[in-house]
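>>> this is a predicted model, with the sequence first.
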Amino acid sequence: MEKMLETELFRRRGFRRYRCKVCGHYFWSLVERDVCCDAPCMPYSFIGERICKTVPASLSELRERYLRFFERHGHARVRKYPVVAARWRQDVYLVGASIYVFQPWVTEGIVPPPANPLVISQPCIRLTDVDIVGRSGRHLTGFEMMAHHAFNYPDRHVYWIDETVELAHEFFTKELGIPEEEIVYKESTWSGGGNAGECFEVLVRGLEVATLVFMHYKVTPDGKLEEMPMKIVDTGYGLERIYWLCTGKPNVYEATFDKILTELRKLVGFEKPDDRLLAKLAITMSQMSSEELSRPDIYTILADKLSLEPVQLRNIMLQQEFLYIVADHTRSLAWMIYDGVLPSNSGIGYLARLLLRRMLKYVHLLNIEIPLSELCSKCAKFLVDEYPELKEIYNTLIEISDMEEKKFRETLNTAKSQIMKIVKKGKKSVLSADDLVMLYDAYGVPPEIVEQICKELNIGVEIPQNFYALLVEKKQREAAAQEGEGERGRKPITIDDVRGIAKTQEIFYEDPYAREFRARVLKVFERDSKKYIVLDRTAFYPEGGGQPSDTGRIITERGAECKVVYVFKVGNVIVHEAECRGDVQEGEEVLGLVDWDRRYSLMKMHTGTHILLQAIRRVLGAHIWQAGVQKDIPYSRLDVTHYKVPSDEEIRKIEELANKIIESDLPVETEFLIRTEAEAKYGVRIYQGGFIPSPTLRIVKIVEPTGEIYDVQACAGTHVKKTSEVGIIKIVGVEKLQEGVIRFLFTTSRHVLEYLTLLERSLQDTARVLGCSVSEVPDKVRKLVDSLKETESYVRRLEKLVSSFLMEQVSKNIVNVRDIAISFITVEDVSDRLVQDVARMFTKESKRILVVMNKRGDTGLEVKMFTSSDIAKLLSLRDIVREICSNIEECRGGGGGTFAQMNIRAKVNLDEIKHRILETIRSHVG
RNA sequence: GGGCCGGUAGUCUAGCCUGGAAGGAUGCCCGCCUCGCGAGCGGGUGAUCCCGGGUUCAAAUCCCGGCCGGUCCA
C-alpha cells in the first residue's frame, strides 16, 4: 500500500517531495527540508510561538470556525454521535475516530450517509495510551476529531485527493493564517475500524494537526486488504491539538483545560510550574516513545536529559500529571456516562472504572484530602459550558465518583492486609516482583501504592522496571492455557436452505392485530422428525428483539392440522416449526391462527417495556440505556444501565409515571426509515435494543398530545396502538444484575391481577398457618423468630445440663488401665455437640480416655474416642482404631491427635466391642 | 467475553497447602475496680464455616457444579 501521492495543489504552489533522513518517509514541503517535521524526527518548535495569525479564543470558537469553513465549502453539518460505538456496531466499544460513526453501514455502501460531503466534530475516546495521558504533554483519552468526509460511489463522484488537500490547505493557511511554508504533508497509511488507505499527515513544526486519509480498502478479519467499490475521504483534525498549536501553550492540557486547571490548582493548592519548564518537558518528550514514557523512572531520565534535580522534578510533575488527568479523565468519563456507560468490573464499564481508578491512584499517592467528587464537580461545571447536555448527568457523575472512591479505599484496605499476610506467611521482609504482579492482578493495587503501603509497614519492596512487561507475560501464559471455544447452537434451518425463497410478507407489521390469515406453503423441510414450514405471508411473529415467537395453528385446505410451536427468521424468510397431523404440501393454501391471547399479552408487555424504559430514564437520569430485555408471560424483564439498586421511592415514582402514560392513552406510531435518516430525525437514542443488522429501521414512537415524543426506539416488535391498552404496569422486582446493570422485573394488564392474587394467596396461607389475620402476619413472624432464637438457646442450656448428668455417669464407670482412667458411655442419637461437651469436661484432667458409643438408628454404631492431651502423646489413637476395626466386619475409622472415631455398620454386641476396645488399649499401654 | 483472588459469629480474621473436638480479636450482656468518665480485670453470649453434589469412617479443608463479591485483561 505504498504509492506516491501527488496533488494539483502541490504542483501549483510549488511543493516538492523530499525523503525524511530519520524515518525514511516521503513528504511534501514548500521549502527544502531534511526531516519530515513529525515528532520524533523533529522536536516541537511551536510552543511559545505564534504560528496562527488568528488565534481562536476558545475550543468552541475553533470548532465553530472549522464547521463553518466547511459549510461554506459545500459540506453539510452532521451532529455528533455517542462515544459508545457498541450502540450500532459489535466490533468495538468506543468511537476512536469520526469514521467509526459511518462504519460499516455507510462505508460498505449499504445505506447512504446522512449528507455528502459532510462535516462533523466527533468526540472520541482512545485508551491505548492511557498510561501516559497527563504525562506526555500531548496524549488525551478524550478528544474531538473534526472531520470532513466525502463518500465517492462508483456512479457518484464527490471529491478525492486534490480537493481534499485543497480544502485542508485553505483551512490552515486562510482560516487559521498559518504560513504555508510551515506546513508539511507527509505520506503515510492509516487504518482503523476495518478500513484503510493512503494518507497525508499534515504537520506543523513537529505537531501532527490533521490526517487526510484516502480510504479505499477494506481490512479483512485475517488482516488482508481488499479494494472497495467506494472511495472515502476520511479526514481527522484534532480539535485540541490545533488549539494547542494556535495558542502556543506549553502542552495540550494547558491549552485545552486552561480554566479548569486554574480552578483545580486553587482547590488543591498546587503551584503552576514555570511555562518554560513545562515546554521543555513537552518538547523533550515529543521525541520519546510511549514505552519510554510509561517507565516508572521517567522523571529520573528527564532530569538527567535536562540537568535538573530528579526528586524535585518528580514531585512537581506528579502534581501536574494529577491535575491533567483529572481534567482529561473527567471529560471522557462524563461523555461515557451520558452514553450509558457506568463503572463496572467487566465489559465496557471497566473502561469507565479504569479512568476513575487512575484518578484515585493519584489522589492516594499525593495524599489529597479533597474528595474526588469535588474535583470532578469542579471540572464538570466548566464542561457544561462546552457540552450543555452533560448537565443532565452532573449529579450522576458526582455520585458515581463518590461511590468509586469508597470502593477504592476498601480495595486498598484489603490490599494492606494482603500485603501483611504475604509477609507473615512467607516469613519475609521484602515483596517479590511476583507478589507485586499478584497484588495488581488480583487486588487491583498498582505497584506505586504497594510501595507507599510498604513504607508505612516497614516492608522492603522494589518495583521492577519491567513491571508491566511481567504482567503482560502472565496474561499471555493465562491466554495460552486457555482452550478452544465451544460451538454455537445453530438454527435447524440455515441461510442455504432458504436461498431462492422470496422474503416472507410480514402481516404482523401491516396489522399487528391480525390473528387469522390465509397463505400459501412455499416450502416444507423435515429435520430430525420435525416439520419446518415456510409460507409466502405470515402473521406469526418470529422470535427477536427480546420478544418470544408466537404460537398457534396452521390448517391446510385438505384438513391437515399443525401446531406451531416456534417461529424464527432466517435471512428474510420466516420459518414455522410445527407438529402436524396429516400431510402438508408445497403450494397448498393454508389458514393460520395465531394464539391471540398470548400474543396480545406480549404486545402489551412490549409496549410496556418502552413506556417503562422511558419512565426509568426520566426518573433516574440521562445515563439510562437499555442493556437487555426479555418479554415474557407472566413477567417481563428490562435491564438498564444504572449504578445502584434504585430506592423504593424511585421505584414508586417510575411506576407512577409509567402508569400515567398508560392512562393518557397516547398513540404508538411506527414507521420504516433508512438508518441514517432515522438517526438524523430522532438521534441515536433510538438504538436502545443494541445492534440491529439491517439498513432500514422500524421506528416505534409514543407521542404526547403536545406533539412531543415521549419515547422513540428502533424496534422490530409488535406493539399495541394506544398506551391505554397496556392497562397497568407493576414492577414486581428490582435487582442488581451486575455492576452497572439493574434488572427490572415487571408485568402488565391482567397479569398484574394474577400477580396480586398470587401474593394475596400466599399471604393468606401464611396467615392461616400462623393462626392470625393477614395484617398481623409481620408482627407474628417477628415474635416467632424471637421465640425460636430463645428456644435454641434454651436447648443449648439443657444440653449443658444433660452433659453434666452424663458426666456423673462417666465418672462412675471409670476403669483403670495402669494409671489411665478409661470410661465408657452408651447413648442413642445424641448430637455431636453434647458428646463433645462431655468429652471436654472429662478429658480436661490428665490421663483420661473417654469412649462414647452413639447408636445411630438400628443399623449403625458410632464410636468416638477422646483423650486428654498427655495421652495423645503416649499412644496413637489411629493405630488403636485401625486395629480394632480390622477385627470387626463393616468397620472403618481413623483419627488423629486427641480424637478418633469408627463407624460400624453391622449389628454388633456392645459389650463385646467395649471389651475389645479395652483390651486393645491395654495392649498398647502395656 | 476470558483469567485470577476470595466467601468462617453483628464486624474483622486464623485454620484450608498436609482432612480428625472451628481458634483469636472486636462488639454485645453480667460482675469487679472507680465519686464519675475513660481504661483495666473476670465471666458469659454469639457460626446451617455461601449453596448443592461427590470422595471419605470422617470435609471449613480435597474434587465437581452453582451463587455472590473483588480484581485484571480484551
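Happy to help now that I have it.

>>> okay, A:E526 and A:I283: tell me how far apart.
A:E526 sits 75 Å away from A:I283, going by Cβ to Cβ, to the nearest Å. Every C-beta, even on glycine, is put in place using the N, C-alpha and C of the backbone.

>>> so who does A:G571 touch?
A:495, A:498 (Cβ atoms under 8 Å, 6 or more residues apart in numbering).

>>> A:F672 and RNA strand B, how far apart?
Distance of A:F672 to RNA strand B, computed by Cβ to the nearest atom of the strand, to the nearest Å: 30 Å.

>>> and the gap between that residue and A:I699?
Distance, A:F672 to A:I699, by Cβ to Cβ: 7 Å.

>>> mind checking which of these two has more residues around it?
A:I699 (19 against 11; other Cβ atoms under 10 Å).

>>> and that one, what helix or strand is that in?
Taking DSSP states H and E as the criterion, A:I699 maps to strand A:696-703.

>>> list the helices and strands that strand packs on?
Packed against strand A:696-703 by the contact rule (3 or more Cβ pairs under 8 Å, 6 or more residues apart in numbering; DSSP states H and E) you find helix A:596-620, strand A:668-674, helix A:675-682, strand A:709-714.

>>> can you flag the weakest of these by average pLDDT?
Comparing mean pLDDT over those, the weakest stretch is helix A:675-682, at a mean of 87.

>>> contacting residues around A:K730?
A:655, A:746-748, A:752, A:755-756.

>>> try it again with 6 Å
A:K730 makes contacts with A:747, A:752, as judged by Cβ atoms under 6 Å, 6 or more residues apart in numbering.

>>> could you dump the helices and strands packed on strand A:696-703 into a markdown table and include distance to A:A469?
Shown next, in a markdown table, are those (distance: least, Cβ to Cβ, whole Å):
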| stretch | distance to A:A469 |
| --- | --- |
| helix A:596-620 | 43 |
| strand A:668-674 | 49 |
| helix A:675-682 | 43 |
| strand A:709-714 | 45 |
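
>>> what's the most buried one of the ones you listed?
Across those, averaging neighbours per residue (mean count of other Cβ atoms under 10 Å) puts helix A:596-620 on top, at a mean of 23.

>>> and the contacts of that helix?
A:515, A:547, A:550, A:624, A:626, A:629, A:631, A:633, A:636, A:638, A:640, A:642, A:650, A:653-654, A:657-658, A:661, A:668, A:710-711, A:717-720, A:726, A:729, A:748-749.

>>> report the central residue of chain A.
Computing the C-alpha centroid of chain A and ranking residues by Cα atoms, centre = their mean puts A:G347 first, at 2.6 Å.

>>> from A:M865, how far off is it?
Using Cβ to Cβ, we find A:G347 at a distance of 56 Å from A:M865.

>>> what do you get for A:I825?
Going from A:I825 to A:M865 by Cβ to Cβ gives 11 Å.

>>> just A:K249 next, same as before
In terms of Cβ to Cβ, A:K249 sits 84 Å off from A:M865.

>>> A:K914 too?
12 Å.

>>> got the residues of the stretch 801-926 of chain A near RNA strand B?
Applying Cβ under 7 Å from any atom of the strand, we find that the stretch 801-926 of chain A lies next to RNA strand B at A:832, A:836, A:839-840, A:843, A:866-868, A:878, A:892-903.

>>> and with 6 Å instead?
By Cβ under 6 Å from any atom of the strand, the residues of the stretch 801-926 of chain A that approach RNA strand B are A:836, A:839-840, A:843, A:866, A:892-899, A:901, A:903.

>>> contact residues of chain A facing RNA strand B?
A:345-347, A:350, A:353-354, A:357, A:407, A:411, A:417, A:421, A:440-444, A:475, A:478, A:482, A:736, A:739, A:793, A:796, A:836, A:839-840, A:843, A:866, A:892-899, A:901, A:903.

>>> show me the contacts for the residue in the stretch 801-926 of chain A that RNA strand B sits nearest to.
Nearest residue of the stretch 801-926 of chain A to RNA strand B (Cβ to the nearest atom of the strand) works out as A:G894 at 2.4 Å. By Cβ under 6 Å, 6+ apart, A:G894 lies in contact with A:R878.

>>> between A:K914 and A:M865, which one's more packed in?
Each of A:K914 and A:M865 has its neighbours counted (other Cβ under 10 Å); A:M865 has more, 23 against 16.

>>> apart from its neighbours in sequence, what residue is nearest that one?
The shortest distance from A:M865 to any non-neighbouring residue, by Cβ to Cβ, 6 or more residues apart in numbering, is to A:A900 (4.8 Å).

>>> go through chain A and flag its longest helix.
Criterion DSSP state H: the longest helix present in chain A is helix A:777-812.

>>> for it, list every residue counted as buried.
For helix A:777-812, a neighbour-count test (16 or more other Cβ atoms under 10 Å) marks A:777, A:780, A:799, A:803, A:806-807, A:810 as buried.

>>> what of stretch A:580-600?
Using 16+ other Cβ under 10 Å as the test for burial, stretch A:580-600 gives A:580, A:584, A:590, A:592-596, A:599-600.

>>> same question for stretch A:865-872.
Neighbour-count burial for stretch A:865-872 flags A:865-868, A:871-872 (criterion: 16+ other Cβ under 10 Å).

>>> same deal with stretch A:385-398?
A:387, A:390, A:393-394, A:396-398.

>>> start and end of it, how far apart?
17 Å (Cα to Cα, to the nearest Å).

>>> swap in stretch A:439-451?
Termini of stretch A:439-451 sit 11 Å apart (Cα to Cα).

>>> pLDDT weak spots in the stretch 201-350 of chain A?
Low-confidence segments of the stretch 201-350 of chain A, defined by pLDDT under 70: none present.

>>> rerun that using 90 as the cut-off
A:218-226, A:289-298, A:340, A:343-350 (pLDDT under 90).

>>> give the other helices and strands that the longest helix of chain A contacts.
helix A:749-770, helix A:832-842 (3 or more Cβ pairs under 6 Å, 6 or more residues apart in numbering; DSSP states H and E).

>>> so which residues make contact with the longest one?
Right, the one you point to is helix A:749-770. Contact partners of helix A:749-770, identified using Cβ under 6 Å, 6+ apart, comprise A:604, A:634, A:727-728, A:730, A:732, A:747, A:774, A:777, A:780.

>>> can I get those residues in CSV with distance to A:K378?
Converted to CSV, these look like this (distance: Cβ to Cβ, whole Å):
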residue, distance to A:K378
A:K604, 47
A:P634, 49
A:G727, 48
A:I728, 45
A:K730, 42
A:V732, 42
A:T747, 45
A:V774, 54
A:V777, 52
A:K780, 54
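
>>> which one of those sits closest to RNA strand B?
A:V732 (17.7 Å).

>>> surely the closest one is within a strand?
Yes: checked against DSSP: H, G, I helix; E, B strand; the rest coil, A:V732 lies within a strand.
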